[in-house]
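Visitor: prediction below, plus the sequence it came from.
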Amino acid sequence: MDEFFIYDKFTLVGILREYTYIKWTRRFNDTGEFTMETLATDDMRRYIRAGRILYKGTDGEAVIIEDFTSARDAKGDEILTVTGRFLQCVLERRVFDYTGTAKLSEIVNAIIDQNFISPTNPNRKIPELRRVAYTLANDPTLTVEYAHANALVEIAKLCQANNTGFKVKYNPNSAAFDFSLYEGKKTNAIFTENFKNVLEQDYYERTKQEKTTVIVGGGGNGLIVGDEAVGLGRKEIYVQADMKADEAAALALGNDTRYANRRIASFDTVLNMFALQFPYKTYWDLGDVVTCEDLRWDARITDTVLEVTEYYDKGGLHVTPVFGDTPPAKGGS
């Protein structure tokens, strides 16, 4: 079984070698999460504490333990269930104000610098968090206005609307949490039953909430975003902009509204790890552009891998990626 390392901040307290399963869900432009189930041994009772860090030892990926439950099963065994989120969740700990027009990277850097690294109030500083150098090929200029906003929520929204990822890597050697934005790469990977590299596949298409055209009132004296849509294909929505907003801000509001109400199409796929012509993490990874198809529905998506769930158990590693938009929960609307 794969080994995981448990740290108290940056001090190693144990190596996790035995567990029933670990579900490790990675997300491109949001915080990931994990669930672990294991027997509640004496070692586990020493290791597991809220706030400690579970580290894979590769790729800088780590999670913060947030909750755990101990319960006895029908056999009388004490079962420990542990949950938490990736290090990106530390961004949730600050609220902020910001107004301006700048590149995406500059806006995000300002949020990080002013609220985590060099805030006016020193009590707001998170000494472990640092911003590492990065460059974006796609770095659009945006107009934003935030008041008492949550840093994690708004950074995630910015990244989702602009197909950009963000991560916070665990760096025990430097005693740091390293924040950066990043972009995926285009690949020729294809996942299809035709190639026998798919075990299970769910295809989702949702159009009930879709809006193609946003009529923005107020700011900029009113404007229309998506006016090219016509006839039955045109689905309008009205939003009110702040009367003080200029045309750039009104346009940004219109684009954000259209994105939030876009058509949803995605594949939720379990890969055949024994017949994988496109190896995970070497040929493609989270954030990369791949192709997934379902020949029965004549459906084909070439899009970004927004989410990957790694499932570790005695059978080894199982990988379930989501291609395209994140699908709704099963049984949901």
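Guide: Looks like it came in fine.
Visitor: going by C-alpha atoms from here, please, whenever you check contacts or count neighbours.
Guide: Fine.
Visitor: any idea which element Lys157 lies in?
Guide: helix 151-161 (DSSP states H and E).
Visitor: report the mean confidence score over that helix.
Guide: Mean per-residue pLDDT for helix 151-161: 95.
Visitor: how about Leu181: what's its closest non-neighbour residue?
Guide: Leaving aside its sequence neighbours, Leu181 sits nearest to Phe166 (C-alpha to C-alpha, 6 or more residues apart in numbering; 4.3 Å).
Visitor: and the one you found, that's in a helix?
Guide: No: assigned with DSSP: H, G, I helix; E, B strand; the rest coil, Phe166 falls outside any helix and is strand.
Visitor: buried residues in the helix or strand harbouring Ile107?
Guide: Assigned by DSSP H and E, Ile107 falls within helix 104-112. Neighbour counts over helix 104-112 (16 or more other C-alpha atoms under 10 Å) mark 104-105, 107-108, 111-112 as buried.
Visitor: rebuild the residues you listed as TSV, extending it with distance to Thr58.
Guide: What follows is these, written out as TSV (distance: C-alpha to C-alpha, whole Å):
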residue	distance to Thr58
Leu104	28
Ser105	26
Ile107	29
Val108	26
Ile111	28
Ile112	25
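Visitor: tell me the one of those residues nearest Met36?
Guide: For the buried residues of helix 104-112, the residue nearest Met36 by C-alpha to C-alpha is Ile112; the value is 30.4 Å.
Visitor: what pLDDT does that closest one get?
Guide: On the pLDDT scale, Ile112 gets 98.
Visitor: next one: Gly60
Guide: 91.
Visitor: hmm, it is touching Pro172, no?
Guide: No: using C-alpha atoms under 8 Å, Gly60 is not in contact with Pro172, being 9.1 Å away.
Visitor: how close does Asn150 get to Asp139?
Guide: 22 Å (C-alpha to C-alpha, to the nearest Å).
Visitor: now do Ala62
Guide: With distances taken as C-alpha to C-alpha, Ala62 is found 27 Å from Asp139.
Visitor: neighbour count for the two, which is higher?
Guide: Ala62 (29 against 14; other C-alpha atoms under 10 Å).
Visitor: can you give me phi and psi for Thr269?
Guide: The phi and psi values for Thr269, taken as degrees, to the nearest 10, are phi -130, psi 140.
Visitor: let me see the contact set for it.
Guide: Residues in contact with Thr269, defined by C-alpha atoms under 8 Å, 6 or more residues apart in numbering, are 198-202, 320-323.
Visitor: can you tell me which of these is closest to Ala248?
Guide: The closest of the contacts of Thr269 to Ala248 turns out to be Phe323 (C-alpha to C-alpha; 31.6 Å).
Visitor: wait, the closest one touches Val308, no?
Guide: No: taking contacts as C-alpha under 8 Å, Phe323 lies outside contact range of Val308: 9.0 Å.
Visitor: you'd agree Phe116 is in a helix?
Guide: Yes: assigned with three-state DSSP, Phe116 falls within a helix.
Visitor: tell me the confidence at it?
Guide: At Phe116, pLDDT is 98.
Visitor: if I look at it, how far off is Arg94?
Guide: Distance from Phe116 to Arg94, by C-alpha to C-alpha: 8 Å.
Visitor: tell me the secondary structure at Phe274.
Guide: Taking three-state DSSP, the label given to Phe274 is helix.
Visitor: err, Leu253, not the other one
Guide: Secondary structure assignment for Leu253 (three-state DSSP): helix.
Visitor: show me what contacts it?
Guide: 216, 241.
Visitor: same check, this time on Ile117
Guide: Ile117 is in contact with 125-127, 129-130, counting by C-alpha under 8 Å, 6+ apart.
Visitor: how many neighbours does the residue lying closest to Ile111 once chain neighbours are set aside have?
Guide: Once flanking residues are discounted, Ile111 sits nearest to Ala151: 7.1 Å by C-alpha to C-alpha, 6+ apart. Ala151 is flanked by 24 other residues according to other C-alpha under 10 Å.
Visitor: re earlier: nearest to Lys75 among the buried residues of helix 104-112?
Guide: Set against Lys75, the nearest of the buried residues of helix 104-112 by C-alpha to C-alpha is Ile112 (49.0 Å).
Visitor: separation between the closest one and Asn188?
Guide: 35 Å.
Visitor: what does Thr141 give?
Guide: Counting by C-alpha to C-alpha - Thr141 and Asn188 are separated by 30 Å.
Visitor: tell me the helices and strands packed up against the lengthiest strand in the chain.
Guide: Of all segments of type strand in the chain, defined using DSSP state E, the longest is strand 299-313. Contacts defined by 3 or more C-alpha pairs under 8 Å, 6 or more residues apart in numbering; DSSP states H and E place strand 299-313 against strand 21-27, strand 289-294, strand 316-324.
Visitor: thanks again, I'm all set now.
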